[in-house]
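[1] Here is my input; please provide its structure:
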Amino acid sequence: MKPSGRGSGSGEMDKLVDVKGYDPERSEKLADWSPGDYGGLRHEAETLYRSEDGGYFLLYEGGLFSRFHELAGVEHWYGGTHIRPVIREEAIAWCEETGNYEAIEKHFKGSWMPAWIEGPV
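    Below is the predicted model of the structure:
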């Protein structure tokens, strides 16, 4: 998977699409998460998408000193982006880990409920 990244130095934004065709602009945004403020060298953001064909993927975006800067395909000195395909169960687990319970209710209702909702058996 090698995303094209953003910004080519020509002043235009490159279109971010990975080799499997996951395109955030043509996909449905389900949820997002960021541990801090947007912008800066340590900025990190994760966004969960569902593609037109029903596949799920995470878009990682980060600054130069973010965890994402060292991922494969991130080639810009100022940081970059990375797309990671995930299966449905991973998408649900990511929503739970990041506190996106509304996304679980809205997009995965009926297929899974977190343990804290189910209660003791």
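
[2] so where's this structure shaky on pLDDT?
    Across the chain, the ranges flagged by pLDDT under 70 are 1-20, 37-39, 65, 67-79, 110-121.

[3] Packing partners of the helix ranked longest in the chain?
    Across the chain, the helix with the greatest residue count (assigned by DSSP state H) is helix 88-97. If contacts are counted by 3 or more CB pairs under 8 Å, 6 or more residues apart in numbering; DSSP states H and E, helix 88-97 sits against strand 28-33, strand 44-50, strand 56-63, helix 101-107. C-beta coordinates here come from the backbone N, C-alpha and C atoms, glycine included.

[4] Relative to residue 82, which of the ones you listed is closest?
    Among the helices and strands packed on helix 88-97, strand 56-63 comes nearest to residue 82, with 4.5 Å by CB to CB.

[5] so what does the helix or strand just after that closest one touch, helix or strand wise?
    Heading C-terminal from strand 56-63, the first helix or strand you meet, by DSSP states H and E, is strand 79-86. Counting by 3+ CB pairs under 8 Å, 6+ apart, the packing neighbours recorded for strand 79-86 are strand 56-63.

[6] Sheet-wise, list the partners of the strand it packs on with their directions.
    Paired strands of strand 56-63, with direction, are strand 44-50 (antiparallel), strand 79-86 (antiparallel) (DSSP bridges).

[7] would you turn the ones you listed into JSON lines with distance to residue 59?
    Converted to JSON lines, the strands paired with strand 56-63 look like this (distance: least, CB to CB, whole Å):
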{"stretch": "strand 44-50", "distance to residue 59": "5"}
{"stretch": "strand 79-86", "distance to residue 59": "6"}
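
[8] could I get those strands as JSON lines with distance to residue 61 and mean neighbour count?
    Listed next are those as JSON lines, based on distance: least, CB to CB, whole Å; neighbours: other CB atoms under 10 Å:
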{"stretch": "strand 44-50", "distance to residue 61": "5", "mean neighbour count": "20"}
{"stretch": "strand 79-86", "distance to residue 61": "5", "mean neighbour count": "20"}
